[in-house]
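K.L.:
attaching a predicted model along with its sequence, questions to come.
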Amino acid sequence: MAIIVNLDVMMAKRKMSLNELSERVDLTLSNLSILKTGKAKAIRFSTLESICKALDCQPGDILEFDYKK
């Protein structure tokens, strides 16, 4: 897929665990894990907004487009 999810990178930079992020954004661990591993097919803007607030980052810090794929 041409969209790369860098959620794990941002979590590491913020020293935040998957459990902590899950609690802050009110998502199940399984749904957050699917997103983190890049297996998600879509993400709601409200979810993206919550993640960005929790990690104090921009959407572009989490999502990347690889035009070569």
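P.N.:
Happy to help now that I have it.
K.L.:
what's the neighbour count on the residue nearest to residue 61 when sequence neighbours are not counted?
P.N.:
Closest residue in space to residue 61, ignoring its immediate chain neighbours: residue 10 at 5.6 Å, by CB to CB, 6 or more residues apart in numbering. Yep, even glycine has a C-beta here, placed from its N, CA and C like the rest. When neighbours are defined as other CB atoms under 10 Å, residue 10 has 21 of them.
K.L.:
check which helix or strand residue 10 maps to.
P.N.:
Assigned by DSSP states H and E, residue 10 belongs to helix 7-13.
K.L.:
give me the low-pLDDT residue ranges for this protein?
P.N.:
Where the chain drops to pLDDT under 70, the residues are 1, 69.
K.L.:
strands of that one, start to end?
P.N.:
Using DSSP state E, the strands of the chain run over residues 3-5, 63-65.
K.L.:
where is the longest helix in the chain?
P.N.:
Assignment by DSSP state H gives helix 45-55 as the longest helix of the chain.
K.L.:
show me the contacts for residue 62.
P.N.:
5, 6, 7, 10, 48, 51, 52, 55 (CB atoms under 8 Å, 6 or more residues apart in numbering).
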